[in-house]
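>>> Predicted model, plus sequence, below.
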Amino acid sequence: MRTIQVPASRNYTVWVDGGLLSQAGIMIRALCPDGIRVAVVTDSNVGPLFADRLQEVLRAEGFVPSVFTFSAGEAAKSGETYLALLEYLAQMRLTRSDVMVALGGGVTGDLTGFAAATYLRGIACVQIPTSLLAMVDSSVGGKTAINLKAGKNLAGVFYQPSMVVCDVDVLRTLPQEDFADGVAEIIKYGMLKSVALLDQLMVRDLREDPTEVIAQCISIKRDVVERDEFDTGERQLLNLGHTIGHAIEGCSGYQISHGRAVAIGMAMITRGAVKAGFCPSTCLTRLEELLARYNLPSHCGFTAEELLPFALGDKKRSGDTLTLVIPTGIGVCKLHSIPVEELGQWIAWGLES
Ligand code: GLY
């Protein structure tokens, strides 16, 4: 078992191990001694796999669980689903001593976290991520959000979970493509902070035993969140590959998954950094080798003209400047502010071979 303490505006524990879903009832009872109701939020893919088991272990601890299930997919991370979820919580009469549980991937975690932050001005939220991507990134750190028509994650708040339970056994049922999506975020941590992690990814069979690597990524994220919870400085580094990645997701009508879009976004920004003279070409070669090893893409079929409007809607824009995260070496990145007019050039560089 690996445990990671996150000392943010709320201090909480992230647990990483096999078999934790069966312990979730006991863990949530320890967290909410007076809680009665638990609203489990899940999607139409994950619910049928794990919701019954979770309800069983919650009932065994005296809770009254209920399940809100929405249609799987990014389209559900919307104002409509968010309001339907709030109405559901009110109908179920959840109080401030009760708890919400996000059982699923990034969409479920972001939506549930946002609802937990705003229902009754905030009730406890436990994250039980079931995708590799959600385990290593979105379930930890307190970023919650829904999408607006104008772009991804444009409405949200920082709201730390009360506990994160990563049961690595649930990854066994994760399709290979979804597993690879999570690896894209793991590669991101390596590119940002750890050559050792990149080395491990080249030799380890991650599917065989992911616990250690997941814990390493969460520890890296914990350190960053501890120093910059509200994303005013260093935390922006965690957006490596995301400005262009979000544009790729948007351009594809969310047909290209987040992990794949981030993989392409990292490759494109690294290509740009090499062309702009900030980064040695060996760094790009290393990244492309790693992406290929996990069958992740490093190019997309969109043009700069198609990507630019989506990239300009990105949250990292502030007035007429935009902060890019650019690699300067293997395992090292920096924040680099550019006038928005230069973004097109960076995207064009990224599209070159
Ligand atoms: N996913 C980036 C962050 O949590 O800051």
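Yes, it's here.
>>> Neighbours of residue 305, how many?
Number of residues near residue 305 (other CB atoms under 10 Å) recorded here: 10. Heads up, the C-betas are built off the backbone N, CA and C, glycines and all.
>>> Let the chain start at 31 from now.
Right, with 31 as the first residue, what we last looked at is residue 335.
>>> Please identify the helix or strand for residue 363.
In this structure, residue 363 sits in strand 362-369 according to DSSP states H and E.
>>> Name the residues of the stretch 181-330 of the chain found near the ligand, please.
Counting by CB under 6 Å from any ligand atom, the stretch 181-330 of the chain comes close to the ligand at 265, 268.
>>> Quick check: bridge partners of residue 156?
With DSSP bridges applied, the residues forming beta bridges to residue 156 are residue 131, residue 193.
>>> Now do the contacts for the residue lying farthest from the centre of the chain.
Relative to the mean C-alpha coordinate of the chain, counting by CA atoms, centre = their mean, the farthest residue is residue 92 (31.5 Å). Taking CB atoms under 8 Å, 6 or more residues apart in numbering as the definition of contact, the neighbours of residue 92 are residue 59.
>>> What pLDDT does the model give residue 345?
Turning to residue 345, the model gives it a pLDDT of 64.
>>> rewinding a little: which helices and strands does the strand holding residue 363 pack with?
The criterion is 3 or more CB pairs under 8 Å, 6 or more residues apart in numbering; DSSP states H and E, and the helices and strands that strand 362-369 contacts are helix 206-223, strand 351-359.
>>> Is that strand positioned near the ligand?
No. When contact is scored as CB under 6 Å from any ligand atom, no part of strand 362-369 falls within range of the ligand; the minimum is 12.9 Å.
>>> just checking, next helix/strand downstream of the helix or strand hosting residue 303?
Secondary structure assigned from DSSP H and E places residue 303 in helix 288-305. Elements were assigned by DSSP H and E; along the chain past helix 288-305, the next helix or strand is helix 311-323.
>>> deepest of the helices and strands packed on strand 362-369, which one?
Of all the helices and strands packed on strand 362-369, helix 206-223 has the most neighbours on average by mean count of other CB atoms under 10 Å, namely a mean of 23.
>>> Now do the buried residues in the helix or strand following it.
Tracing the chain C-terminally past helix 206-223 and defining elements by DSSP H and E, one meets helix 225-233 next. Buried residues in helix 225-233, counting neighbours by 16 or more other CB atoms under 10 Å, are found at 227-228, 230-231.
>>> With stretch 96-116 instead?
Burial within stretch 96-116, assessed by neighbour count using 16+ other CB under 10 Å, is assigned to 96-100, 102, 104, 106-108, 111-112, 115.
>>> who touches that stretch?
By CB under 8 Å, 6+ apart, the residues outside stretch 96-116 that reach it are 67-77, 81, 85, 118, 122, 137, 140-142, 144-145, 148-149, 175-178, 185, 279, 284, 288.
>>> out of these, which are inside helices?
Secondary structure assignment (DSSP state H) places 77, 81, 85, 118, 137, 140-142, 144-145, 148, 279, 288 from these within helices.
>>> for the residue nearest to the spatial centre of the chain, phi and psi?
The C-alpha lying nearest the average C-alpha coordinate of the chain belongs to residue 168 (CA atoms, centre = their mean; 2.6 Å). As for residue 168, its main-chain torsions (degrees, to the nearest 10) stand at phi -70, psi -20.
>>> My guess is it contacts residue 136. True?
Yes. At 4.1 Å, residue 168 and residue 136 qualify as touching, with contact defined as CB atoms under 8 Å.
>>> okay, and the common contacts of those two?
By CB under 8 Å, 6+ apart, no residue touches both residue 168 and residue 136.
>>> Which residue would be the closest one in the stretch 81-230 of the chain to the ligand?
Sorted by distance to the ligand under CB to the nearest ligand atom, the residues of the stretch 81-230 of the chain start with residue 171, at 4.1 Å.
>>> Skipping its backbone neighbours, what lies nearest that residue in space?
The shortest distance from residue 171 to any residue other than its chain neighbours is 4.7 Å, reached at residue 255 (CB to CB, 6 or more residues apart in numbering).
>>> next one: residue 197
Leaving aside its sequence neighbours, residue 197 sits nearest to residue 50 (CB to CB, 6+ apart; 3.8 Å).
>>> so what's the one you found up against?
Residues touching residue 50, when contacts are defined by CB under 8 Å, 6+ apart, comprise 57, 195-197, 199.
>>> do residue 208 as well
Shown in contact with residue 208 (CB under 8 Å, 6+ apart): 135, 161-163, 287, 289.
>>> ditto for residue 122
Taking CB under 8 Å, 6+ apart as the criterion, residue 122 is in contact with 67, 69, 96.
>>> Any stretches of this protein with poor pLDDT?
For the chain, the stretches with pLDDT under 70 are 344-346.
>>> Give me the neighbour count for the residue lying closest to residue 281 once chain neighbours are set aside.
Taking CB to CB, 6+ apart, and ignoring the residues beside it in sequence, residue 281 has residue 332 as its nearest neighbour in space, at 5.0 Å. Applying the criterion other CB under 10 Å, we find 20 residues in the vicinity of residue 332.
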